[in-house]
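Asks: Pasted the sequence and its predicted model underneath.
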Amino acid sequence: MTHPAPPDPARSTGPADPARPPRSPAPAETPPGARPTLPAQSAGPAHAAEPPRGTGAPPGARPAAPARPAVPARPAGPARPVGRPGPGDPDSAGRPDGPPAVLARFSVGSSVLRGLASTEPSPEGLRLVGDIRRSKRLLLLRAVLDAAPGTEAGEWWELLEEAERQEPDAVRDVLHYPSTGVWAEETLRRLHAPYGPAPDLGHLGALAAAAALRAGIGFKTTLRPAHGRLALPTLGLLRPERPGPLALTERSWDTSDVLPLHPLPGGRTSLDDLDPYRAPATGHPAPVRPARRLTPKGHKRWDTQWTGALTLLERYDSARAHEAGRLLRCVVPLGGGSRSSGATLPAAAGAVLARGQSPPALAATLVHEVQHGKLAALTDVLTLHTADRTPRHWAPWRPDPRPLDGLLHGTYAHLALAGYWQRAALYGARGAWARHARIRAQVAAVLPVLRAHARLTSAGREFVDGMAEAERAMDELPPPGDQHATARRALERERRAWCAEHPELAPLTGA
């Protein structure tokens, strides 16, 4: 399954507000359902992680990459009362004002790191990924609020706080919705760019209005629709009768012409073909362009494919089905010309961009893309390598050379796919053993290159060692006959052909 290589969007997270540090939620529940047992991973020695990048961490913390500049420092003057948590903080509802809290560092124990490296779902891994995503989002929103000129942003934030007092879960869902991250990163770049388009600060008002509507509180605010439509994240689009500023109240969604977001069957995941920030508007290649608004027939087709994919995930690997349900908030349909089956963008944490496909293919795409999201979160707080982005490595699942970061991401996602197809094969899925054998052979061919790479950090080396341990554990349930050997021979022929096309890179293939 090919994973496109969109330009690396900025992941800088702005200065932290010490008054509302992220806080861990309750432990995730153990995924229901049985699964074929694979050997457990060893825990290993303890390993400390680093705080999120761009958060004003002490010396020794992970520096931001050159392409991801840190957010400028907070301007003078508090944007809201000191000591109070803000909207989106899991502990914000009902907590009295008090002294500023200390911004906590993330810590990743060795057992959690190696558990994540195995790609196997776990309550600890899910909790860590969720905590990192929430922390990063709150820091981004704090930075936008601090940098925003004028008073409107502060007024909209007050509306968010009012809505949160009534319905904190609804406000949290709006602020942590995937498109909110795309908007926040784009807005932050525009706020500090010396030239270019003006920042869309009005979208903060749309976030506040969506939260207030979902909380059911009385409110009045005025926003400016774009191109005759006003996007309200998690709700959909509102289409006003006339151009110009639009006065919104608590009755606007019920009394206006609206296009609601399409809910996918079986959970909280939405099919988002409406939000203007469902993917960055520019700066990513055509293979990951989102589709335009779908027809009712298109929605029905997606319902069928989604339901079939979830059924297969539950049947073959209920733990991965549970993981996808926890980590995916929306699916963004890819445009008709997309060459990739799926993509994950770090700015849109909790979203997968996917092409319409058969249920078995969609199930595999979800497994694949969820891993990219997990690894993106981990690398926001943990430096796994110090290599640059020069494409110089053979990746068996792509024709083009890949940088080390892309090779690591691809290997991680394909390791999960190999495990998924192994379990599907044990349940009798047609063609699953052949898929497992080929993908495992690809992963096994690349792991020695990763393990020998000089630019891995100590955490990166432990992570790759955990991946290799998980790959070796698959020997406990081998495919019948000589399918694995056949897959390795075919892969070796492909490697030699690739080296003939890229002779200068042949020494880096690990042969």
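Replies: On my side now, so go ahead.

Asks: How much space separates the spatially most central residue of the chain from residue 303?
Replies: By Cα atoms, centre = their mean, the chain has its centre lying nearest to residue 349, at 3.0 Å. Distance from residue 349 to residue 303, counting by Cβ to Cβ, to the nearest Å: 24 Å. From N, CA and C alone the C-beta is placed, and that goes for glycine too.

Asks: Low-confidence ranges, the chain, go.
Replies: Confidence mapping of the chain against pLDDT under 70 gives the ranges 1-86, 88-104, 282-287, 338, 511.

Asks: wouldn't the residue nearest to the centre of the chain be in contact with residue 376 here?
Replies: Yes: applying Cβ atoms under 8 Å, one finds residue 349 in contact with residue 376, separated by 7.2 Å.

Asks: related to what we said a few turns ago, show me what contacts the residue nearest to the centre of the chain?
Replies: Under the criterion of Cβ atoms under 8 Å, 6 or more residues apart in numbering, the neighbours of residue 349 are 133, 136, 137, 178, 181, 373, 376, 377.

Asks: for it, phi and psi?
Replies: phi -60, psi 130 (degrees, to the nearest 10).

Asks: Helix or strand for residue 383, just tell me which one.
Replies: Counting by DSSP states H and E, there is no helix or strand that carries residue 383.

Asks: Which single helix of the chain contains the most residues?
Replies: When the chain is parsed with DSSP state H, its longest helix is helix 123-147.

Asks: Could I get the full set of helices for the stretch 251-400 of the chain?
Replies: In the stretch 251-400 of the chain, the segments counted as helices under DSSP state H, counting those that start in this stretch are 252-255, 296-316, 318-327, 359-381.

Asks: one step back: reformat the contacts of residue 349 as a markdown table; add distance to residue 309 and neighbour count.
Replies: A markdown table is the format used below for those (distance: Cβ to Cβ, whole Å; neighbours: other Cβ atoms under 10 Å):
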| residue | distance to residue 309 | neighbour count |
| --- | --- | --- |
| 133 | 23 | 21 |
| 136 | 28 | 29 |
| 137 | 27 | 23 |
| 178 | 19 | 28 |
| 181 | 24 | 26 |
| 373 | 17 | 24 |
| 376 | 22 | 19 |
| 377 | 23 | 25 |
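
Asks: Can I get those residues in JSON lines including distance to residue 230?
Replies: Listed next are those as JSON lines, based on distance: Cβ to Cβ, whole Å:
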{"residue": "133", "distance to residue 230": "26"}
{"residue": "136", "distance to residue 230": "27"}
{"residue": "137", "distance to residue 230": "22"}
{"residue": "178", "distance to residue 230": "19"}
{"residue": "181", "distance to residue 230": "20"}
{"residue": "373", "distance to residue 230": "29"}
{"residue": "376", "distance to residue 230": "30"}
{"residue": "377", "distance to residue 230": "31"}
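
Asks: rewinding a little: format the helices of the stretch 251-400 of the chain as TSV; extra columns: distance to residue 168.
Replies: Formatted as TSV, the helices of the stretch 251-400 of the chain follow (distance: least, Cβ to Cβ, whole Å):
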stretch	distance to residue 168
helix 252-255	20
helix 296-316	28
helix 318-327	19
helix 359-381	23
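
Asks: Just say which of these is most tucked in.
Replies: helix 359-381 (a mean of 24; mean count of other Cβ atoms under 10 Å).

Asks: The helix or strand just after that helix: how far from the chain's middle?
Replies: Sequence order places helix 404-426 as the next helix or strand after helix 359-381, per DSSP H and E. The chain centroid and the centroid of helix 404-426 are separated by 17 Å under Cα atoms, centre = their mean, to the nearest Å.

Asks: For helix 404-426, list the C-alpha coordinates in PDB.
Replies: Output of helix 404-426 as PDB, limited to C-alpha atoms (Å, rounded to 0.1, in the frame of the first residue of the first chain):
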ATOM      1  CA  LEU A 404      15.400   8.000   6.400                       C
ATOM      2  CA  ASP A 405      12.200   9.400   8.000                       C
ATOM      3  CA  GLY A 406      10.100   8.200   5.100                       C
ATOM      4  CA  LEU A 407      11.700   4.800   5.200                       C
ATOM      5  CA  LEU A 408      11.100   4.500   9.000                       C
ATOM      6  CA  HIS A 409       7.400   5.600   8.600                       C
ATOM      7  CA  GLY A 410       6.900   3.100   5.700                       C
ATOM      8  CA  THR A 411       8.500   0.200   7.500                       C
ATOM      9  CA  TYR A 412       6.400   0.900  10.600                       C
ATOM     10  CA  ALA A 413       3.100   1.000   8.700                       C
ATOM     11  CA  HIS A 414       4.000  -2.100   6.700                       C
ATOM     12  CA  LEU A 415       5.000  -4.000   9.800                       C
ATOM     13  CA  ALA A 416       1.400  -3.500  11.100                       C
ATOM     14  CA  LEU A 417       0.100  -4.600   7.700                       C
ATOM     15  CA  ALA A 418       2.100  -7.800   7.800                       C
ATOM     16  CA  GLY A 419       0.600  -8.500  11.200                       C
ATOM     17  CA  TYR A 420      -2.900  -7.700  10.100                       C
ATOM     18  CA  TRP A 421      -2.700 -10.000   7.000                       C
ATOM     19  CA  GLN A 422      -1.200 -12.800   9.200                       C
ATOM     20  CA  ARG A 423      -4.200 -12.700  11.500                       C
ATOM     21  CA  ALA A 424      -6.600 -12.400   8.500                       C
ATOM     22  CA  ALA A 425      -4.900 -15.500   7.000                       C
ATOM     23  CA  LEU A 426      -5.500 -17.400  10.300                       C
END
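
Asks: mind starting the numbering at 635 from now?
Replies: Renumbered: residue one is now 635, and that last one reads helix 1038-1060.

Asks: what's the angle between it and helix 930-950?
Replies: 70 degrees (axes from the mean of the first three to the mean of the last three Cα atoms, to 10 degrees).

Asks: need the next SSE after helix 1038-1060, C-terminal direction.
Replies: Next along the chain from helix 1038-1060, counting by DSSP H and E, comes helix 1066-1086.

Asks: chain center to that following helix: distance?
Replies: 24 Å.

Asks: so what's the closest residue to residue 967 other than its chain neighbours up against?
Replies: Spatial nearest neighbour of residue 967, excluding adjacent residues (Cβ to Cβ, 6 or more residues apart in numbering): residue 925 at 4.1 Å. Listed by Cβ under 8 Å, 6+ apart, the contact partners of residue 925 are 907, 966, 967, 968, 969, 970.

Asks: Can I have the buried ones of those residues as a PyMOL selection?
Replies: To isolate the buried ones among the contacts of residue 925 in PyMOL, judged by 16 or more other Cβ atoms under 10 Å, type:
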select buried, resi 907+966+967+968
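
Asks: Which pair of the contacts of residue 925 spans the longest distance?
Replies: 966 and 970 (13.9 Å; Cβ to Cβ).

Asks: got the end-to-end distance for stretch 865-884?
Replies: 16 Å (Cα to Cα, to the nearest Å).

Asks: got it, and stretch 943-963?
Replies: 16 Å.

Asks: Touching that stretch from outside, list them.
Replies: 662, 665-669, 754-755, 760, 763-764, 807, 810-812, 899-904, 984-986, 993-994, 996-997, 1000-1001, 1004, 1007-1008, 1050, 1053-1054, 1057-1058, 1061, 1063.

Asks: Quick one, which of these are buried?
Replies: 662, 665, 669, 754-755, 760, 763-764, 807, 810-812, 903-904, 984-986, 993-994, 996-997, 1000-1001, 1004, 1007-1008, 1050, 1053-1054, 1057-1058, 1063.

Asks: so how far is residue 818 from the residue nearest to the centre of the chain?
Replies: Distance from residue 983 to residue 818, by Cβ to Cβ: 11 Å.

Asks: Identify the contacts common to these two.
Replies: The contact lists of residue 983 and residue 818 share residue 771, where a contact means Cβ under 8 Å, 6+ apart.

Asks: quick one: contacts for the closest residue in space to residue 1143 that isn't next to it in sequence?
Replies: Sequence neighbours aside, residue 1028 is the residue nearest to residue 1143 in space, at 4.4 Å (criterion: Cβ to Cβ, 6+ apart). Contacts for residue 1028 (Cβ under 8 Å, 6+ apart) come out as 1035, 1036, 1080, 1083, 1129, 1132, 1133, 1136, 1139, 1142, 1143.
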